[in-house]
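**Q** missing the sequence, but the structure's below:
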């Protein structure tokens, strides 16, 4: 970090090269800063932009004792993203979202000054932001059914950080810390993340019993049922993903579909379904795959999968393509190019 009051002494690698009378490329290649006894960078260990204190490097190259820097933390210390994230207790990626806060954005310091500078924030501002985060202190939880205090897209990443620290964390602790409702927000988030991590462990160790996986991960017994249900659904979805993604990639390569990562859903909570958006010049807006019925054309671009039903969708504009549940992509291409191919009902329909 850049200690309070020492911003004027900060030295970049380009500054160091100029001081040594060498080009920046030469310094990068020769790495004189790696010599024994050379002052350590003041930038954090994970920072890509190395920074030094010029008073320290000047003394070193003059053969004089290297002065020590202040060791006590101060409000005006400047922290980079890694140090700010550590103080806040989150990952650097999460900090990238939090730094958009109005006060943090207004207080950012670029070192060196200019568009290529590395972002730093005064310790004081990071502490103030930490203390003001939703859910801190007494009464921080949210009543069931009330609105959550953090954006929806940040809920799972924030819960994941808490779960990394304490696998046995409770709903109450998540609710109080993040300012979200216990039911359903905290409960659903914990079950989802625990289930995904159980699935990860089982994939890495095929044959591992889900309950044993949950125990290895340190999850309390009371959470096993919900997490294992999620894990089983996750593993089921992962088993179909390679085929669906390959099919989507082939359709995109042929120029009839948009390149995308296939998003699988379970509209009825049990059976998998996925959609592939087709190019605007195609006669149908999308293709839908249902593990019960195989591939079919869709009539809606915005909601191609539609509502869950116990029977295969039928009607104007719907054709079932392919000879089975997982036909080769080339078979789909052939069927799409010939409107005479396909059936009104799937071959596998009950």
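**A** Arrived safely, thanks for sending. Bear in mind that the values here come from a model prediction, so they are computed numbers and not experimental data.
**Q** name the nearest residue to residue 157, sequence neighbours excluded.
**A** residue 94 (5.8 Å; C-beta to C-beta, 6 or more residues apart in numbering). No exception for glycine: its C-beta is placed from N, CA and C like everyone else's.
**Q** next SSE downstream of the strand or helix carrying the one you found?
**A** According to DSSP states H and E, residue 94 maps onto helix 92-98. Under the assignment DSSP H and E, the closest C-terminal helix or strand after helix 92-98 is helix 102-107.
**Q** for that next one, give me every contacting residue.
**A** Residues outside helix 102-107 that contact it (C-beta atoms under 8 Å, 6 or more residues apart in numbering) are 98, 99, 121, 122, 125, 126, 128, 129.
**Q** let's see it at 7 Å
**A** 98, 99, 121, 122, 125, 129 (C-beta atoms under 7 Å, 6 or more residues apart in numbering).
**Q** about what we covered before: okay, now the residue nearest to residue 157: neighbour count?
**A** The tally of other residues near residue 94 (other C-beta atoms under 10 Å) stands at 17.
**Q** so for the top helix by length along the chain, what gets flagged as buried?
**A** Looking across the chain with DSSP state H, the single longest helix is helix 221-253. Neighbour counts using 16 or more other C-beta atoms under 10 Å place 223-224, 226-228, 230-231, 233-237, 240, 243-245, 247-252 of helix 221-253 among the buried residues.
**Q** could you report the separation of the residue nearest to residue 13 when sequence neighbours are not counted from residue 92?
**A** Nearest non-adjacent residue to residue 13, counting by C-beta to C-beta, 6+ apart: residue 50, 5.5 Å away. Separation of residue 50 from residue 92 (C-beta to C-beta, to the nearest Å): 17 Å.
**Q** equivalent analysis for residue 347, please.
**A** Using C-beta to C-beta, we find residue 347 at a distance of 51 Å from residue 92.
**Q** and the helix or strand of the chain with the lowest mean pLDDT, what does it pack against?
**A** One helix or strand of the chain scores below all others by mean pLDDT, DSSP states H and E: helix 92-98, with a mean of 80. Packing partners of helix 92-98 (3 or more C-beta pairs under 7 Å, 6 or more residues apart in numbering; DSSP states H and E): helix 81-88, helix 152-165.
**Q** could you look over those helices and pick the most buried one?
**A** helix 81-88 (a mean of 20; mean count of other C-beta atoms under 10 Å).
**Q** taking helix 152-165 as reference, get the angle to it.
**A** With axes from the mean of the first three to the mean of the last three C-alpha atoms, to 10 degrees applied, the angle from helix 81-88 to helix 152-165 works out at 70 degrees.
**Q** just the helices from the stretch 1-150 of the chain, written as ranges.
**A** 13-20, 24-30, 54-61, 81-88, 92-98, 102-107, 123-132 (DSSP state H, counting those that start in this stretch).
**Q** ok, now the stretch 251-350 of the chain?
**A** Using DSSP H, counting those that start in this stretch, the helices found in the stretch 251-350 of the chain span residues 329-336.
**Q** got any ranges where it has weak pLDDT?
**A** With pLDDT under 70 as the threshold, the stretch 251-350 of the chain has low-confidence stretches at 348-350.
**Q** ok, residue 245 touching residue 262?
**A** Yes. Look at residue 245 against residue 262 with C-beta atoms under 7 Å: they come within range, at 5.1 Å.
**Q** mind listing what's buried in the least confident helix or strand of the chain?
**A** 94, 95, 98.
**Q** can I get those in a markdown table including distance to residue 174?
**A** Below are those laid out as a markdown table (distance: C-beta to C-beta, whole Å):
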| residue | distance to residue 174 |
| --- | --- |
| 94 | 15 |
| 95 | 20 |
| 98 | 18 |
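**Q** for residue 240, give its distance to residue 75.
**A** Distance of residue 240 to residue 75, given as C-beta to C-beta: 54 Å.
**Q** I meant residue 215, not that one.
**A** Distance of residue 215 to residue 75, computed by C-beta to C-beta: 45 Å.
**Q** got the end-to-end distance for stretch 300-317?
**A** Length of stretch 300-317, first residue to last, C-alpha to C-alpha, to the nearest Å: 10 Å.
**Q** and for it, what's in contact with it?
**A** Contacts for stretch 300-317 (C-beta under 7 Å, 6+ apart): 265, 267-268, 273, 275, 277, 284-286, 288, 293, 296-299, 344-346, 349.
**Q** could you pull out the buried residues of that stretch?
**A** Within stretch 300-317, the residues that qualify as buried are 304, 305, 312, 313, counting by 16+ other C-beta under 10 Å.
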